[in-house]
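Student: below: sequence and its predicted model.
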Amino acid sequence: MAGLSEASEAARDRGQPRHPDHGDHAEQDVVCIPPAVAADLTELQVLRRLRSGPRGLLEDQAHHRLMACGENVLATVEPPSWSRRLGRALRDPFTLVLCFLAVISAANGARQGTAVIAVLVAVSCALRMAGESRADQDAAALRDIACGTATVVRRTVDGSAPTAREVPLGELVPGDLVRLTAGDLVPADLRLLRSVGLTVDQAPLTGESAPVPKQAGSDPQSRGDRRPALLDQPQLCFLGSRVAAGTATAVVVATGRGTHLATAHRHLERGRRATAFDRTTRSVARLLIRFMLASLTLVLAAGTLLGGRGWELVPFAIAVAVGLTPEMLPVVVTTVLARGVAELRRRRVVVKRQRSLYDLGAMDVLCVDKTGTLTGDRLTVHSTLDPQGRSDPRVLRWAATNSLVCLQLGDPPVLDSLDQALLEAADQLEPFPATATAGLQVIPFDPVRRLATAVVRGSGRPGGHTLVVKGGVEDVLDRCTRLTVSDGGNGDSNDTLPLDADQRTRIHRLVRRQAADGQRLLAVAVAHGPARGLRYTERDEHDLTLVGLVGFRDEPEPSAGDAVAALRANGVTVKVITGDHPETAVRACTDVGIRPGRPVLAPDLDRLDDAALARLAATTTLFARATPAHKARIVRALRSTGRTVGFLGDGANDIAALRAADLGICPHTAVDAAREHADILLTGSDLAAVSRSLPTARRSLAGIGNYLRTTLSANVGNVITMLAAGAFLPFLPMLPAQVLVQNLCFDAAQLSLAFDRPLTTGAHRPGPLDARGLARYALCFGLVNAAADLATFAVLGHLAHGLSAPRTQVLFHTGWFTENLITQAVTIHILRSPGGRPRLPAPWPVRAGNGALVAVGLLLPLTPPGRSLGMGALPLAYYPLLTAILGGYVLALFAARAIRRRRGGAVRRRPQITQR
Ligand SMILES: Nc1ncnc2c1ncn2[C@@H]1O[C@H](COP(=O)(O)OP(=O)(O)OP(=O)(O)O)[C@@H](O)[C@H]1O
Ligand SMILES: [Mg+2]
């Protein structure tokens, strides 16, 4: 393995696809075949050009090719350059507004103001770039953990038998033979050599959500004149897509940068849905821009109308508008989320993208599948019943035959937990199902058909073929026209009866009884017929004879009950969306303390339009018999009602829903493609891991909320004060440079909120930030803040009696600067916890930040930099009066907070609909 990575590093270092000094010369000539070229070649031509064959490459050959062609990674995964990062930081809406203000300020000749804005832009960009670079490094490390493997067929030496083994995706080379099965990520660009019932989801490449059929053996000549588009070529599969159903063997034609995905400059991340995080960022940005424009207009209008001043007010108004911008927002968000992500990583929960932590914190609905989430996915066969409900071992024999043939002929063999349980149970049967040895073909299980079919020879009538079908009860019954009549397994009666309406009703009653007992059920049916040369397809699954039912026990996951209770206590509603029978799912729900209510059958949803589905989904807890498309549609419907929806699932049938949700969560044991599309990967028991991660995510959410609330309250307060002061002061209440320096101090202190650990339970539970709630909050506490400022002006006016005009100005500017910084520290200290008991002491960075703010407020005016900013020493009589004002301010803050709490304000009630 060391050799391989050295080789690939060497290839990467050179940045060249090939190197003349390394390895076997023949291997040097093997390069990727562009998929467009591969489309026009026959299978044989492709294999020849790749110097490969149906027995796969030698390990040695693969090693040399890896050196020559480089790793199978996308170029887009490389982190962006610093210049691109700078470009991105400058394109940020807040930064753009600052730059715009700097230009106006410079045009007005306000050099000091321009300089301070420039410093703010530089600091904000630098911090943001550093934060993003760190996040990218984290993400790259996480990608390595999260990326999957591929099943490759290789030989150790010439002449040895080919063996299949898992290799990391990065180590695939052109010419490698790979095997695909449902749920696998297509690991490179491939030419199919063999396929059975293969359909591939190419949504990341084409945006088309329906899986497309793919098929080996369609050589160019045999396809006639109509040439399909490259991505529609049936014999090619492309990196970035995934297998929805079926199995295949294929040869790798292009890897890494040679693939269609890389050349088309597409990225898997592109086209992702906007999550709660995106919605919040957008609505908060809109709010801030509105605030800023309003403050600019109001300051100018008030100054002109009341004070008779005109253009000279522009620099001041700009400084006020800049003061309103929480420039540190990107930095605070990055820091808070990075800390949360690191904390979860220590607990072995991998958050693939930082912003997903916000979505986890904001999540208020969690949709889960059943098996492996509510239950332990440790299945055992509990009953085998004939259609009359009597115990009959022959049912198990047929079911196990199906599983065994699926295992033997599957390419590669797929065994899910139902098959495993069947084979374990059949192990005790005497004799073991012998028919399995004569397996001819399989039509593999897929979650839409909900059937798996095996074709065997020699049972039923001599020389004939038998289709053995097992699957969801309704799905099998729909294809049955007869049922067997057994004698309770005592004899060998093979009589059959037509399956009339009465019989169907009786069977459904039996199924409901078994399912209500918590059993997972499979129906088993057969069809005997003469031997034939043609391959069997899904169209042959009809006119079956029902053999009976197999019931499985799947015990509840021990930790699921507590996890459900913890999630509920944290305000997260758990909904179950399963492909299983409704009664089985009802029992699984009640076992872990979920009240399922009346289950909704997913096929019934097809009749509903999106609005009606959204209403139904809001009040339904359990959806059964859901296909992958249903799961995704239900998730989208829930999101349309303004809920932040997470989806937890592990199968290929869960991928559409994982992508549709605000947050896709996967256990690490999930199929590769599900893991690739998930935002969060869990280790350990799934639901319990989610409920344990929630407090960390909620803390991050609360941290960001606290920053925005305190900053905006203080800033709105300042604007109100400036407007009021404009009415009666003959001079500016604070000079533009002073406003900007004060703002810089606020920002630095508020950065400490990134290190806070706010309470997040009970009444302190944070919801996703909504712009309207935030605006109301900022106005309420901004008014309180402004009241303290105006009281300060009154005191300063009293102290200014008899002073010259310039000294009065210095007194006002310094007095307000000092009071403003101290009230800001008080605001952070009090508003960081929404109130009620118990209160958490502030951690040291918050205390240090606040302490520094008070110190600067008191001491800066006395220093030379303070004097150069136009400030000076304050009369001693000011300080006791200031203390009294601060005392009043603290009381007013507490009172305002209590009133908001009593009215059930934004702090306690989670907003149902966030602004979009
Ligand atoms: N290997 C199999 N062979 C035949 N039928 C199967 C097989 N696996 C599952 N089924 C049938 O398909 C139905 C749906 O199973 P599937 O695993 O697709 O649903 P799911 O949504 O993942 O369920 P869960 O919520 O329990 O995880 C099952 O109830 C069963 O009837
Ligand atoms: Mg499942």
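Tutor: Thanks, I have the structure now. As the structure is a computational prediction, the values presented were derived from the model and not from experiment. Ligands and ions are numbered 1, 2, ... in the order given.
Student: okay, now the unreliable bits of the stretch 801-916 of the chain?
Tutor: Across the stretch 801-916 of the chain, residues meeting the criterion (pLDDT under 70) sit at 833-840, 904-916.
Student: can you classify residue 246 by secondary structure?
Tutor: Recorded secondary structure, residue 246: strand (DSSP: H, G, I helix; E, B strand; the rest coil).
Student: wait, it sits on residue 183?
Tutor: No. Here residue 246 lies out of contact with residue 183, judged by CB atoms under 8 Å, at a distance of 10.9 Å. Bear in mind the C-beta positions are built from the backbone N, C-alpha and C, glycine included.
Student: any low-confidence regions in the stretch 251-400 of the chain?
Tutor: Within the stretch 251-400 of the chain, the segments meeting pLDDT under 70 span 263-273, 303, 306-313, 315-316, 319, 322-325, 327-328, 330.
Student: would you mind giving both backbone torsions of the closest residue to ligand 2 within it?
Tutor: Per CB to the ion, residue 369 is where the stretch 251-400 of the chain lies closest to ligand 2, at 4.2 Å. Residue 369 adopts backbone torsions of phi -90, psi 180, taken as degrees, to the nearest 10.
Student: got the contact list for the closest residue to it other than its chain neighbours?
Tutor: Closest residue to residue 369 apart from its sequence neighbours, by CB to CB, 6 or more residues apart in numbering: residue 649 at 4.5 Å. By CB atoms under 8 Å, 6 or more residues apart in numbering, the contact set of residue 649 is 368-369, 373, 631, 657-658, 666, 670, 674.
Student: now distance to residue 58 too, for those, in TSV please.
Tutor: Compiled in TSV, the contacts of residue 649 are given as follows (distance: CB to CB, whole Å):
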residue	distance to residue 58
368	45
369	42
373	43
631	43
657	42
658	38
666	35
670	33
674	33
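Student: in helices, which of the residues you listed appear?
Tutor: Members of those lying in helices (criterion: DSSP state H): 631, 657-658, 674.
Student: ok, so of these, who is nearest residue 421?
Tutor: Among those, residue 674 lies closest to residue 421 (CB to CB), at 21.9 Å.
Student: and that closest one, how many neighbours does it have?
Tutor: Neighbourhood size, residue 674 [other CB atoms under 10 Å]: 27.
Student: likewise residue 503?
Tutor: Here the count is done by other CB under 10 Å, and residue 503 has 18 residues near it.
Student: let me see the mean pLDDT of the helix or strand where it lies.
Tutor: Assigned by DSSP states H and E, residue 503 falls within helix 501-516. Across helix 501-516, pLDDT averages out at 91.
Student: is any residue of that helix near ligand 1?
Tutor: No. Helix 501-516 stays clear of ligand 1 (CB under 6 Å from any ligand atom), getting no nearer than 9.9 Å.
Student: and the following helix or strand past that helix, which residues are buried?
Tutor: Once the chain leaves helix 501-516, the next helix or strand it forms, by DSSP H and E, is strand 520-529. Within strand 520-529, the residues scored as buried using 16 or more other CB atoms under 10 Å are 520-527.
Student: closest one of these to ligand 2?
Tutor: Checking the buried residues of strand 520-529 against ligand 2 by CB to the ion gives residue 520 as the nearest, at 11.1 Å.
Student: in contact with the closest one, which residues?
Tutor: With CB under 8 Å, 6+ apart, residue 520 has these contacts: 371, 379, 418, 551-554, 580-581, 584.
Student: export those to JSON lines and append columns for distance to residue 257, neighbour count and secondary structure.
Tutor: Shown next, in JSON lines, are those (distance: CB to CB, whole Å; neighbours: other CB atoms under 10 Å; DSSP: H, G, I helix; E, B strand; the rest coil):
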{"residue": "371", "distance to residue 257": "39", "neighbour count": "24", "secondary structure": "coil"}
{"residue": "379", "distance to residue 257": "44", "neighbour count": "22", "secondary structure": "strand"}
{"residue": "418", "distance to residue 257": "41", "neighbour count": "22", "secondary structure": "helix"}
{"residue": "551", "distance to residue 257": "52", "neighbour count": "20", "secondary structure": "strand"}
{"residue": "552", "distance to residue 257": "47", "neighbour count": "20", "secondary structure": "strand"}
{"residue": "553", "distance to residue 257": "50", "neighbour count": "16", "secondary structure": "strand"}
{"residue": "554", "distance to residue 257": "45", "neighbour count": "26", "secondary structure": "strand"}
{"residue": "580", "distance to residue 257": "43", "neighbour count": "22", "secondary structure": "coil"}
{"residue": "581", "distance to residue 257": "48", "neighbour count": "25", "secondary structure": "coil"}
{"residue": "584", "distance to residue 257": "48", "neighbour count": "27", "secondary structure": "helix"}
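Student: so which of those residues also contact ligand 1?
Tutor: The subset of the contacts of residue 520 within reach of ligand 1, by CB under 6 Å from any ligand atom, is 371, 418, 580.
Student: just for the stretch 551-700 of the chain, where's the confidence low?
Tutor: Applying pLDDT under 70 to the stretch 551-700 of the chain flags the ranges 672-673, 684-685.
Student: could you list the residues of it in contact with ligand 1?
Tutor: 578-580, 651, 653.
Student: neighbours of the residue in the stretch 451-600 of the chain that ligand 2 sits nearest to, how many?
Tutor: Nearest residue of the stretch 451-600 of the chain to ligand 2: residue 579, at 6.7 Å (CB to the ion). By the criterion of other CB under 10 Å, residue 579 has 24 neighbours.
Student: state the phi and psi torsions of it.
Tutor: Taking degrees, to the nearest 10, you get phi -90, psi 0 for the backbone angles of residue 579.
Student: mind listing what's buried in stretch 862-870?
Tutor: Using 16+ other CB under 10 Å as the test for burial, stretch 862-870 gives 866, 869-870.
Student: residue 341 and residue 40, how far apart?
Tutor: According to CB to CB, to the nearest Å, residue 341 stands 47 Å off from residue 40.
Student: same check, this time on residue 706
Tutor: From residue 706 across to residue 40, the span is 61 Å (CB to CB).
Student: so for these two, which residue has more residues nearby?
Tutor: Neighbour comparison, residue 706 and residue 40: the larger count goes to residue 706, with 24 against 13 (by other CB under 10 Å).
Student: how about the contacts made by the more buried one?
Tutor: Neighbour list for residue 706: 753, 756, 758, 831-832 [criterion: CB under 8 Å, 6+ apart].
Student: host element of it?
Tutor: Taking DSSP H and E as the criterion, residue 706 maps to helix 686-728.
Student: tell me the buried residues in the helix or strand just after that helix?
Tutor: Beyond helix 686-728 on the C-terminal side, the first helix or strand identified by DSSP H and E is helix 736-750. By neighbour count with 16+ other CB under 10 Å, helix 736-750 contains the buried residues 736-747, 749-750.
Student: so which other helices or strands are in contact with helix 736-750?
Tutor: With contacts defined as 3 or more CB pairs under 8 Å, 6 or more residues apart in numbering; DSSP states H and E, helix 736-750 has these neighbours: helix 111-146, helix 314-324, helix 686-728, helix 805-831, helix 844-859.
Student: repeat that for 10 Å
Tutor: Applying 3 or more CB pairs under 10 Å, 6 or more residues apart in numbering; DSSP states H and E, one finds that helix 736-750 contacts helix 111-146, helix 314-324, helix 329-346, helix 686-728, helix 805-831, helix 844-859, helix 864-868.
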